[in-house]
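In: Fold the stuff below for me.
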Amino acid sequence: MRPFELSDDQVTELSEMFRLMGDPTRLKIIVSCLSAPMCVTDIAAKHGLSQPLVSHHLRLLRAARVLRAERRGKQIFYEAADEHVKRVIGDMADHVCEHPGSEFEESAKEA
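Out: Predicted structure coming up:
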């Protein structure tokens, strides 16, 4: 692992990305777009969300460079901005799945 030297602006940008990905609805949207590009209508239907709400979240995720958009005819399709985003989400999902019944889940149940 290499040591990181981040400027204050880079720390702020990274923090904002993690904050955005920390919202359960936005994280569901991101995960939906990891394996194949998806349009707003399909994302909304998959998660039982309104299209305006999905559009709002997508706008924030695009601005943070977590997702990117590509117009195809009249529709816009969204996908992970790059392989870095796919790896971060994929690695963390693998981590969560390999430790079922974690201490975090147990402490949340007790609260």
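In: Show me where the protein has its strands.
Out: Taking DSSP state E, the strands of the chain run over residues 38-39, 67-72, 75-80.
In: mind listing what E16 touches?
Out: Applying CB atoms under 8 Å, 6 or more residues apart in numbering, we find E16 in contact with A64. C-beta coordinates here come from the backbone N, C-alpha and C atoms, glycine included.
In: So which elements touch the helix of greatest length in the chain?
Out: In the chain, taking DSSP state H as the definition, the longest helix is helix 83-98. Where contact means 3 or more CB pairs under 8 Å, 6 or more residues apart in numbering; DSSP states H and E, helix 83-98 is packed against helix 24-32.
In: mind redoing it with 10 Å?
Out: Judged by 3 or more CB pairs under 10 Å, 6 or more residues apart in numbering; DSSP states H and E, helix 83-98 is in contact with helix 8-21, helix 24-32, strand 75-80.
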